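[1] curious how this folds, go ahead:
(one chain, ligands or ions: 1)
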Amino acid sequence: MTKSDLHVAESYRQRLLISRADIQRRVTELAQQISKDYAGRIPILIGVLNGAFIFLADLVRQLQIDCEVDFVKISSYGCGKESSGAVRMLKDLDADIRDRDVLVVEDIVDSGLSVQWLRRYFEEREPRSLRVVAFLRKVGAARVPYEVEYIGFDIPNAFVVGYGLDLGQRYRNLPDIYVLEEVSPP
Ligand code: IMP
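    Numbering: from 1, shown residues only. Purely as a prediction, here's the structure:
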């Protein structure tokens, strides 16, 4: 049995949505685009923990420019599938981003609350430029207007795990993206 064959939980069925090969192809394309757009600059990539750690690691290794890396950790979800709506900073930046080219690296944009909150938070620190790259974006899930400059994949409005994304802190290590579908008890 390989990791991707694991049954993620008894009450859920997993359905493959994006394979690791498609992920790697798309990450390479994003890295090429970002390298082109930031040519001659040294952006600071800010990974949003925990979900973005794998995407960020893959992305930076494909960049053809110099960059710096920092992390923030925010919380908007408990351990379930529904957003509480309230965003809190759990781990702040170490770097000073004033006058820097900042690229925020997000795992997934769902309601847009986190990304909208983060943009405002970073804008206040007066970076030279501020853009966001999100690995996934859920279509039709926005609850607030938001801006994201680079998107890996648009996906249906369903709960997904793998490639850094979790359900109750599990399944982040799955190398592909899966939709979790709830199985009703017999
Ligand atoms: P938003 O604030 O509703 O856009 O949610 C953003 C955050 O919620 C993401 O950075 C994820 O950590 C989490 N999230 C949203 N949808 C999913 C999902 O389908 N799977 C796992 N985490 C999710």
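[2] what residues does the chain put near the ligand?
    Residues of the chain lying close to the ligand by Cβ under 6 Å from any ligand atom are 51, 76-77, 83, 106-115, 159-161, 165-166. Every C-beta, even on glycine, is put in place using the N, C-alpha and C of the backbone.
[3] please redo it, this time with the cut-off set to 8 Å
    Residues of the chain found near the ligand, taking Cβ under 8 Å from any ligand atom as the criterion, are 48, 50-52, 74, 76-77, 81, 83, 87, 106-117, 136, 138, 141, 143, 146, 158-161, 165-167.
[4] filter those to the buried ones?
    48, 51-52, 74, 77, 83, 87, 106-117, 136, 138, 141, 146, 159-161, 165-167 (16 or more other Cβ atoms under 10 Å).
[5] could you list which of those belong to helices?
    When helices are assigned by DSSP state H, the members of those inside them are 113-117.
[6] identify each buried residue in the lengthiest helix in the chain, please.
    For the chain, the longest helix by residue count, based on DSSP H, is helix 20-37. Within helix 20-37, the residues scored as buried using 16+ other Cβ under 10 Å are 23, 27, 30-31, 34, 37.
[7] now pLDDT too, for these, in TSV please.
    Compiled in TSV, the buried residues of helix 20-37 are given as follows (pLDDT from 0 to 100):
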residue	pLDDT
23	98
27	98
30	98
31	98
34	98
37	98
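[8] residue 176: which of those residues is nearest?
    Taking Cβ to Cβ as the measure, residue 23 is the one of these closest to residue 176, at 7.2 Å.
[9] check which helix or strand residue 55 maps to.
    Using DSSP states H and E, the secondary-structure element containing residue 55 is helix 53-62.
[10] you'd agree residue 172 is up against residue 178?
    No - contact status for residue 172 versus residue 178: not in contact, 11.7 Å apart, counting by Cβ atoms under 8 Å.
[11] who has more neighbours out of these two?
    More neighbours sit around residue 178 than around the other of residue 172 and residue 178, counting by other Cβ atoms under 10 Å; the figures are 24 against 17.
[12] tell me if that one really is in a strand.
    Yes - membership of residue 178 in a strand is supported by DSSP: H, G, I helix; E, B strand; the rest coil.
[13] state the distance from the closest residue to it other than its chain neighbours to the ligand.
    Ranked by Cβ to Cβ, 6 or more residues apart in numbering and with sequence neighbours excluded, the top spatial neighbour of residue 178 is residue 14, at 4.2 Å. With distances defined as Cβ to the nearest ligand atom, to the nearest Å, the gap from residue 14 to the ligand amounts to 12 Å.
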